[in-house]
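A.B. asks: A structural model of the following input is requested.
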Amino acid sequence: DGSAATCDDFVQAMEDASNVDLSHFRRWYSQSGTPVVTVKDDYNPETEQYTLTISQRTPATPDQAEKQPLHIPFAVELYDNEGKVIPLQKGGHPVNSVLNVTQAEQTF
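C.D. replies: Here you go, the predicted model:
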């Protein structure tokens, strides 16, 4: 038909279809470079609590010295000693296994 969809058109269509605000996700299209992601974990056997701290930093590029955190969906699963999946919970409630990292550092 002689017309092509832009990245903005695509993201807008995804927002319209899902009723989810993807403005943070748009940074993937407006910011150059690749983020460096670091993951630190901690397990407290007394409370049986496992904590993940995920940080992201995108190095400066010639066209952009300052970088904003990106939206990085981060899928996780925990396994017991027998290889069975441990259901994730937060505050005693089940949670999705996809963590939405949107800040420079977040703890889950």
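
A.B. asks: remind me which residues of the protein are low pLDDT?
C.D. replies: Counting by pLDDT under 70, the chain contains low-confidence ranges at 1-2.

A.B. asks: can I see the domain layout of it?
C.D. replies: The record's domain parsing of the chain by automatic domain parsing lists 1-30, 34-107.

A.B. asks: using JSON lines, please lay out these together with mean neighbour count.
C.D. replies: C-beta here means a position set from N, CA and C on the backbone, and glycine is covered the same way. Shown next, in JSON lines, are the domains of the chain (neighbours: other Cβ atoms under 10 Å):
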{"stretch": "domain 1-30", "mean neighbour count": "11"}
{"stretch": "domain 34-107", "mean neighbour count": "12"}
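
A.B. asks: which residues touch the longest helix along the chain?
C.D. replies: Selection of the longest helix in the chain by residue count, based on DSSP state H, yields helix 7-18. The contact list for helix 7-18 (Cβ atoms under 8 Å, 6 or more residues apart in numbering) reads 5, 20, 21, 22, 25, 26, 29.

A.B. asks: which of these sits closest to residue 97?
C.D. replies: Closest approach to residue 97 among the contacts of helix 7-18 (Cβ to Cβ): residue 20, at 17.9 Å.

A.B. asks: measure the residue nearest to that closest one when sequence neighbours are not counted to residue 24 for me?
C.D. replies: Nearest in space to residue 20, with sequence neighbours left out and distances taken as Cβ to Cβ, 6 or more residues apart in numbering, is residue 14 at 7.6 Å. According to Cβ to Cβ, to the nearest Å, residue 14 and residue 24 sit 13 Å apart.
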